[in-house]
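Chemist: Coordinates for the following, if possible.
(2 chains)
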Amino acid sequence: MRRRALGISLWLLMAAAALAVYALAPRLVSDFHSRDLAHAGVFFIAIVGLNLLTGYTGQISLGHGALMAIGGYTTAMLVVHEHWRDVWTIPLAGVAAGIVGFLIGLPALRLSGLYLALATFAFAVAMPSLLRKFSGLTGGGQGLRLLEQAPLQVTGLSGTVTLFGHATTQNHFLYYLTWAIGLAGFLVAWLIVRGRLGRTFRAVRDSEVAAASVGVDLARTKTLAFALSGVYAGVAGSLLAIQDEIVNPLSFTFLLSILILVGTVVGGLGSLPGMVLGAFFVEYLPDLSTRVSSAQGVPDFVYGAAIIIVMILLPTGAGGLLRRLARPLTTRLYLRP
Amino acid sequence: MLLAFDWTQLAQQVVIGLASGGVWATLAVALVLIYRSTGVVNFAQGEMAMFSTFIAWSLVHHGLSYWAAFFLTIAISFVGGVAVERAVIRPVERAPVLTVVIVTLGLFFLVNGAARWIWTPETRSLPNAFSTRPIDVAGVAFSIQDLGTIGVSLAAVTLLWLFFRFTKLGLASRAAAANPEASRLLGVRVSWMLALGWGLAAAMGAVSGMLTAPALASFDQNLMQPVLLYAFAGAVLGGIDSALGAVVGTLLLGVLVNLLGTYVDWVGTELRLPVALAVILGVLLVRPAGLFGRPAESRV
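Modeler: Next comes the predicted model:
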């Protein structure tokens, strides 16, 4: 009983610490840098979503950048064509990408491993071309500019946002908005993972045959994982559109899908706390490698070398390291006396 | 859509498609080699091939003839492939598959960055290996370059097949890929067989790069990225664990892409790759392990 109380209070303490960091972080960095933090939050949401799919259900996706495009363009089209207020489009962007995620999940019922990788890869490669093709809705190669075409619908146009009676700068607002959604999404993912659905996901990951033989509906589980993961990607894409105030085919290339996958593996497949580190890795590494030397090609060289070194040192990602560090504590907590 | 259809044009377009398919085939075979030995798709394969092509360019620039540079580059690439495997893949040999995939992605950025660091990003060109003069076969004009490209790719793939089929070393490396544990017990140095696979893959990639570059007016460090996409798609179409499948898959894909681009206006150049991928997906839904692949069987 005492151990259980100890365990719960430890969780509460960690949640409180996370909230404190969330509330105070913008005060510690400059206004400009809180925008970087907001951008890292976009990666965080997409990475948590991909981890549900790849880390917990064992289905690879090289197409999450394209799902983000669905979310981003849903937001941009609603703002520009239908004159919605930008922040209210976020849930709809999630739903739209969730539906598309469900549809991509359908081939996954027949394909596995690399063949599934190709299916999702095809989706990622096709997306920029499709966006250019249907230029009536998407603005073609130019994309859609939220700020110029529907200025009144963009939150924080004047540089400040009034939130619950407090005025904050636009960058701070974007930070708080993104990470509030990010933390909520994290909490939902955590509840899913530790519950019945999470066990079903892991059963499918570990052995499809064994899972099916104990009554897991493979088709439902896989498509549900794809749909859920799509919702996260869509919300992330929508937030990216709101932050950049523009969407165009170049914001959602195959490289974005790759970056999300890198962040997920660096963060640690099957580990949720590691995802924060994965997001920061993807967000800040390009900038850091430019600082080493900005000579032609050197940043990419350093970037690639850093990815390789991290993977050699931490083959199971940051999550694996966290698990190893926390093991003495968790074994004490969960061992029965 | 099919206004001026004639058989001559069709035959020409098929040969052009086969020529690009042949170039993709060599890179696809490289992907299959690494997939069979390491169990991952090497995302850096195209960039490694691009690096080899730049080495070839430097050799030609220093006065070597195209063919001397061609064979020297293949040798250098082989050594380079072995070195890459020893340096970055061996440390993650026992890590989860996706970790190895991410390492190859890191390698992608690293090699691309290194190439732009060493060779400035201005565009450059390689001399044509074959004459661009057209020759007349049964009333249809084919370019010698296209036919030569098909010939060299098929020769490279055939040599590789002979190596795996008829030499003791080839047998050992096939054994190492099929059953590492048993091979180790029989005295095969499995880890070095992996390195051999990477070396051969890099050599095949070099062939692919050196055939791609002369066909273009000029090239830069992004030379092989589209080739990698087509090679990957073709290899998966054929069945990623089958070298024969990879060759047939990429040749089919080459013809398909070229015919789509020529005859279906709506597709044009913009949608060629997406439409080709959609066709492949259709095929995979019917045959989930590719045309020549073996369906995965697993024990619970």
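Chemist: Would you state the strands of the chain in chain order?
Modeler: Just so you know, I chose chain A. Remark: strands assigned in chain A by DSSP state E are A:144-145, A:160-163, A:166-169, A:246-247.
Chemist: looking at chain B here, not the other one
Modeler: With DSSP E applied, chain B shows strands at B:134-137, B:140-143, listed in chain order.
Chemist: Need the winner for burial among the ones you listed.
Modeler: With neighbours taken as mean count of other C-beta atoms under 10 Å in any protein chain shown, those reach their highest mean count in strand B:140-143, at a mean of 16. Placement of C-beta: from N, CA and C, glycine included.
Chemist: which secondary structure elements does that strand contact?
Modeler: helix B:7-38, strand B:134-137 (3 or more C-beta pairs under 8 Å, 6 or more residues apart in numbering or on different chains; DSSP states H and E).
Chemist: Name every strand pairing with that strand and say which way it goes.
Modeler: Within its sheet, and counting by DSSP bridges, strand B:140-143 is paired with strand B:134-137 (antiparallel).
Chemist: OK, contacts around A:His39?
Modeler: With C-beta atoms under 8 Å, 6 or more residues apart in numbering or on different chains as the criterion, the residues that contact A:His39 are A:240, A:243, A:283.
Chemist: any idea how far it is from A:Asp244?
Modeler: A:His39 is 9 Å from A:Asp244, where distance means C-beta to C-beta, to the nearest Å.
Chemist: same check, this time on A:Gly185
Modeler: 20 Å.
Chemist: returning to what we had before: I'd like to know which of the strands of chain A has the weakest mean confidence.
Modeler: In terms of mean pLDDT, the lowest-scoring of the strands of chain A is strand A:160-163 (a mean of 66).
Chemist: so where do the helices sit in the stretch 1-150 of chain A?
Modeler: Chain-ordered helices for the stretch 1-150 of chain A, with DSSP state H, counting those that start in this stretch as the definition, fall at A:2-28, A:31-50, A:64-82, A:90-105, A:113-133, A:135-138, A:146-149.
Chemist: Deepest in the core, which of the ones you listed is it.
Modeler: Of the helices of the stretch 1-150 of chain A, the one with the most neighbours on average (mean count of other C-beta under 10 Å) is helix A:64-82, at a mean of 27.
Chemist: mean confidence for that helix?
Modeler: Across helix A:64-82, the average pLDDT comes to 91.
Chemist: swap in stretch A:17-31?
Modeler: What stretch A:17-31 shows for mean pLDDT is 80.
Chemist: With stretch B:28-48 instead?
Modeler: In this model, stretch B:28-48 has a mean pLDDT of 89.
Chemist: is that stretch up against chain A anywhere?
Modeler: Yes - for stretch B:28-48 and chain A, the contact criterion (C-beta under 8 Å from any C-beta of the partner chain) is met by B:35, B:41.
Chemist: coming back round to it: could I get the strands of chain B as JSON lines with mean pLDDT and distance to A:Ala16?
Modeler: Below are the strands of chain B laid out as JSON lines (pLDDT from 0 to 100; distance: least, C-beta to C-beta, whole Å):
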{"stretch": "strand B:134-137", "mean pLDDT": "76", "distance to A:Ala16": "77"}
{"stretch": "strand B:140-143", "mean pLDDT": "76", "distance to A:Ala16": "72"}
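Chemist: Which among those strands is found nearest to B:Pro180?
Modeler: B:Pro180 lies closest, by C-beta to C-beta, to one member of the strands of chain B: strand B:140-143, at 45.5 Å.
Chemist: if we can go back for a sec, any chance of the contacts of A:His39 in JSON lines, plus distance to chain B?
Modeler: JSON lines is the format used below for the contacts of A:His39 (distance: C-beta to the nearest C-beta, whole Å):
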{"residue": "A:Leu240", "distance to chain B": "21"}
{"residue": "A:Gln243", "distance to chain B": "25"}
{"residue": "A:Glu283", "distance to chain B": "16"}
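Chemist: So which of those residues are in helices?
Modeler: Using DSSP state H, A:240, A:243, A:283 are the members of the contacts of A:His39 that sit in helices.
Chemist: Enumerate every residue touching the second one.
Modeler: Just to be clear, that refers to A:Gln243. Contacts of A:Gln243 were listed using C-beta under 8 Å, 6+ apart, and they are A:35, A:38-39, A:42, A:174, A:178.
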